[in-house]
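Novice: Everything below, folded, please.
(2 chains)
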Amino acid sequence: MPELSRRRFLKISSASIVTAGAAGSSLAALARTSGATGESGLRQVPTFCDICFWKCGCIATVREGRLWKLEGNPLDPLCRGRLCPRGTGGVGALTDPDRLRTPLIRTQERGAEKWKEATWEEALTHIAEKMKKIAATHGPEAMALFSHGIGGTFLKHTLKAFGSPNIAAPSFAQCRGPRDVGFRLTFGEDIGSPERTDIENAQCLVLIGSHLGENMHNTQVQEFATAVGRGASLIVVDPRFSVAAGKAKYYLPIKPGTDLALILAWMNVLVTEKLYDVEYVTKHGHGFEAFVAALAPWTPEWAYPETGINPALIRATAREMARYRPATLVHPGRHTNWYGDDAQRSRALALLNALLGSWGRKGGFYAPSTMAVPDYPYPEYPKAKRPKVDNPDHKYRFAHETLTTGIREATLTGQPYPIKGWLVYATNLLQALPSEAETIRAIQQLDLLVVIDVVPSETAGWADVVLPESTYLERHDELNVEVFKEPFVALRQPVIASPHDQKPNWWIARQLAVKLGLESYYPWKDIEEYLGARVKEAGLDFAELKKHGLIRGPREPLYFEDGAPAEFGTPSGKIEFYSNQLQQAGFDPVPKFTRPEAGPPGSFRLLFGRAPVHTFSRTHTNRVLSDMMSENAVWVNAAAARRLGLKSGDRVRLRNQDGVLSHAVGVKATERIRPDCVYLVHGFGHTARGLRHAFGKGASDAQLITRYKVDPLMGGTAMNVNFVTLEPAERA
Amino acid sequence: MRYVMVIDTRRCVGCMDCVVACKTENNVPEGYNRDWITEEVRGAYPQPRLEIRSERCNHCARPPCVSCCPTGASRVHRGGVVLVAHRQCIGCKACLAACPYDARFTHPDGYADKCTFCHHRVDQGQLPACVSVCPTHCMHFGDLDNPESEVSRLLRSRAHHALLPEAGCQPHVFYLT
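Specialist: Model (predicted):
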């Protein structure tokens, strides 16, 4: 039996764990001399994952010089020894034939995806010269950086040293921003990432549009399964019957865009029936009477026609939440840019948690802690001569991070000052930002667009210079100094050498700084020197970190009852049921509901979400993960599909309100969605020719999101405001 | 000894980590999988019922794939694990046709392939790859002949079903409901 012969490979012992410090350099040398590394036997390297941003600790097993498998690091508090499917499938990132291999310089017009191969020397010299020219003409602030994930650390450093403050990630204005603003305004603190949700101890868990299990943030899904397995009461609010809905005690099939009305009605019930945590609210609350008065009109009967949820069900679920408080967790969600009322909806959600007394309580929101690891002692950055460009006159009063779409706007208009160069690291702006057309118009205003990525994304297709990055399995990165239930410091270290001419981000950022004459900002010569210095300064043992992949710190009290300080960073120092900040800025001090605009008759609202096997739009050429899901489908309510004469498997195209037509996509006619909306898993429908394996497969929600609503508090871009009709497609 | 798998559908979210882990552990070629996720929806919106299952070879007590195999390549091993001896397999596909669960496929190298319950791991005292990675801890593996095993206890204490009992193959993958 051939498979039995594998046993000889399975003699894994801790002695075979090789630290990458020792393995890295010799491996690189070997990889260059032969296709495989020529290495024999088995070895294991602990590192942490980068298929998404959760940063789970993993152990890579290399067999005969090839990466065999990735498994969770049992020491890691995030993954607890078990990766998610994307982490397990990270093997495919390494061998993806569509990876970028060498630096590329554009030879034809932007977007034509025509390049010549270049050396790193040529590419970086070209970039540095352009950057210097931009700085000479427009000032160094005219260079902006879009970055996602921990890998952007050193590029941010280079850009700050260059003199620009314009650094943004889509994770704020396109993702979690509204939630963080809503919670800050209420509790004076962020939710953080990983979220400070104590799901595993919740007795009652409320998910509003949050599709845990499909959205595969590992710790949360593990805790979710624990809670469900324990028999916790689960309330799910979603226009789509999500996987989580299938496990719920109560499923509320809400009309899209009306979540705020439901939350107000829930709070009305809790207050009217005096089911809230009186002691907690009295002790920690500010402006409670004004809040109660403002809630009075928002009864379940008022909410019924808005939300479509029966008043009896609204009351029953409010009472269910009250029954288990304070161990009732109303999950804050993550991607919260939905309808334009997002910061206020998130604030209402924070207030609901406040009524239940769940902030700072077991089964609610815990107090995270972190280990003290001092920053590297870099020289001071030059003072930027002009403030950030993204939010002129502080128009979005409560934006506490930089707005990607604000930088895009400035690039388009030249106001408040021109932006002439973009560095784009590990984010596919054309799929992440709403309105592709605006992004492309902004790109056409640029003197320089550089994309640094692992695969040739749509955004790379418009770049002047494309730089191929090593995958996370081939590089070091910044330390992960985690802020979590249990603090720890984790190391990403190379498992295997890059197969072609890819380079790690730290090397790219450093070389670029050298070319820009900013060498003094890089006193360290290589990443191990940098990491070693930081680790030493923190009083930790670098050798131990390399060996185990992480070092855990002492746990701090998690809940108020254990001694976590009940302090609130709001102006009043309390939980702000009534917000003077909002009132003074001209906004509703207690959230109010605005009915969302309806779409054209006969159209469906376009909703999108996640699949557990893909991250954003960046994993679709990973052959292991694409084997799990190579194409998305458009979810259509079964009865609505019948009316349109459609059945599962039929090919259709989606046409939005502005006439934009999607790629052909299969229909999933299902009893798992309302009849007034359709749903796509995000990230498919690639148009970049270099993504050969993913090109043209499925439909892209991003392409159809031509319209967006801007959150007046914080500038987030709400995307669930587009409508589509379906038309038959010729068979592909 | 009788190896069985017990899968808790209440905890399972259908994330496919089991499928991915099987693929890397066993080097399953691109385009093929030895396990898969099934989504079963009953009833109508807004109150449908949803069961998500991780499915694979059932390692049946009465395996038709074994009885129909003309060369004896398909056979029952220790613990009731049904395996295919690749070198003896002539790729005739009789077993593919006989399996009521559609659990087998022809490997590009020409032989019938399917789930092995990761017997190479089990023999080393490890769990099958799919069980060991599952982030929801919904999968359990063990010896049904041992009344004290976790799988025996789960099957005693929880309602469960197996797939296509009417096929009469006595499958050994059970789903807790």
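
Novice: When you work out contacts or count neighbours from here on, use the C-alpha atoms and nothing else.
Specialist: Will do.

Novice: For chain B, what is the nearest residue in chain A?
Specialist: residue A:85 (3.9 Å; CA to the nearest CA).

Novice: How confident was the prediction at residue 14?
Specialist: Going with chain A. We have a pLDDT of 31 for residue A:14.

Novice: nope, chain B please
Specialist: On pLDDT, residue B:14 comes in at 98.

Novice: go on, residue A:30?
Specialist: 36.

Novice: How is the closest residue to residue A:693 other than its chain neighbours assigned, secondary-structure-wise?
Specialist: Excluding the flanking residues, the one nearest residue A:693 by CA to CA, 6 or more residues apart in numbering or on different chains is residue A:621, at 5.5 Å. Following DSSP: H, G, I helix; E, B strand; the rest coil, we place residue A:621 in the coil state.

Novice: thought residue A:714 was touching residue A:181?
Specialist: Yes - the criterion here is CA atoms under 8 Å, and residue A:714 meets it with residue A:181 at 7.3 Å.

Novice: Give me the common contacts of the two.
Specialist: Both residue A:714 and residue A:181 are in contact with A:343, A:398-400, where contact means CA atoms under 8 Å, 6 or more residues apart in numbering or on different chains.

Novice: buried subset of the residues you listed?
Specialist: A:343, A:398-399 (16 or more other CA atoms under 10 Å in any protein chain shown).

Novice: Now render these as CSV, adding pLDDT and distance to chain B.
Specialist: Output for those, formatted as CSV (pLDDT from 0 to 100; distance: CA to the nearest CA, whole Å):
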residue, pLDDT, distance to chain B
A:343, 98, 28
A:398, 98, 36
A:399, 98, 34
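
Novice: what's downstream of the helix or strand harbouring residue A:268, the next helix or strand?
Specialist: Assigned by DSSP states H and E, residue A:268 belongs to helix A:259-272. Next helix or strand after helix A:259-272 toward the C-terminus (DSSP H and E): helix A:278-284.

Novice: where's the next helix or strand after that next one relative to the chain centroid, distance-wise?
Specialist: Once helix A:278-284 ends, the next helix or strand along the chain (criterion: DSSP H and E) is strand A:285-286. Offset of strand A:285-286 from its chain centre (CA atoms, centre = their mean, to the nearest Å): 32 Å.

Novice: Provide a list of residues in contact with residue 91.
Specialist: If you meant another chain, say so; for now it's chain A. Per CA under 8 Å, 6+ apart, neighbours of residue A:91: A:67-70, A:624, B:24.

Novice: nope, chain B
Specialist: B:106, B:110-112.

Novice: got it, and residue A:325?
Specialist: Going by CA under 8 Å, 6+ apart, residue A:325 touches A:204, A:277, A:356-358.

Novice: For residue B:174, which three-state class applies?
Specialist: Under three-state DSSP, the three-state class of residue B:174 is strand.

Novice: what do you get for residue A:69?
Specialist: The local conformation at residue A:69, judged by three-state DSSP, is strand.

Novice: Near it, how many other residues are there?
Specialist: Counted by other CA atoms under 10 Å in any protein chain shown, the residues lying close to residue A:69 total 24.

Novice: Can you check which helix is longest in chain A?
Specialist: helix A:120-138 (DSSP state H).

Novice: Which other helices and strands does that one contact?
Specialist: The contact analysis (3 or more CA pairs under 8 Å, 6 or more residues apart in numbering or on different chains; DSSP states H and E) places helix A:120-138 against strand A:143-147, strand A:448-453, strand A:465-468, helix A:505-515.

Novice: Please work out which of these is packed deepest.
Specialist: Among those, strand A:465-468 has the highest mean neighbour count (mean count of other CA atoms under 10 Å in any protein chain shown), at a mean of 28.

Novice: who's in contact with that strand?
Specialist: If you take CA under 8 Å, 6+ apart as the criterion, strand A:465-468 is touched by A:99-106, A:123, A:127, A:449-455, A:460, A:501-503.

Novice: and that strand, average pLDDT?
Specialist: Averaging pLDDT along strand A:465-468 gives 98.

Novice: Adjacent strands (with direction) for that strand?
Specialist: The strands beside strand A:465-468 in its sheet (DSSP bridges) come out as strand A:104-106 (antiparallel), strand A:448-453 (parallel).

Novice: right, and the helix or strand after that strand?
Specialist: strand A:480-482.

Novice: List the buried residues of that following strand.
Specialist: By neighbour count on 16+ other CA under 10 Å, the buried set for strand A:480-482 is A:481-482.

Novice: which other helices and strands contact that strand?
Specialist: Packing partners of strand A:480-482 (3+ CA pairs under 8 Å, 6+ apart): strand A:488-490.

Novice: Three-state assignment for residue 87, please.
Specialist: Looking at chain A here, since you left the chain open. helix.

Novice: wait, I meant chain B there
Specialist: Counting by three-state DSSP, the backbone at residue B:87 sits in helix.

Novice: Kindly report the same for residue B:52.
Specialist: Following three-state DSSP, the label given to residue B:52 is strand.

Novice: how close does it sit to residue A:460?
Specialist: 38 Å (CA to CA, to the nearest Å).

Novice: Comparing the two, which residue is more hemmed in?
Specialist: residue A:460 (28 against 21).

Novice: looking at this, residue B:40 is in a helix?
Specialist: No - counting by three-state DSSP, residue B:40 falls outside a helix, being strand.

Novice: Report the contact partners of the closest residue to it other than its chain neighbours.
Specialist: What sits nearest to residue B:40 in space, not counting adjacent residues and going by CA to CA, 6+ apart, is residue B:51, at 5.1 Å. By CA under 8 Å, 6+ apart, the contact set of residue B:51 is A:246, B:9, B:39-41.

Novice: Taking these, tell me the two that lie furthest apart.
Specialist: Pairwise distances across the contacts of residue B:51 (CA to CA) peak at 13.1 Å, for the pair B:9 and B:41.

Novice: list the contacts for the residue of chain B found nearest chain A?
Specialist: At 3.9 Å from chain A, residue B:17 is the closest residue in chain B, using CA to the nearest CA. The contact partners of residue B:17, by CA under 8 Å, 6+ apart, come to A:84-86, A:88, B:130, B:133-135.

Novice: Closest to residue A:198 out of those residues?
Specialist: residue B:135 (16.9 Å).

Novice: How many residues are close by the closest one?
Specialist: Neighbours of residue B:135 using other CA under 10 Å come to 32.

Novice: swap in residue B:100?
Specialist: There are 19 residues near residue B:100, going by other CA under 10 Å.

Novice: Quickly find the element holding it.
Specialist: Using DSSP H and E, no helix or strand contains residue B:100.
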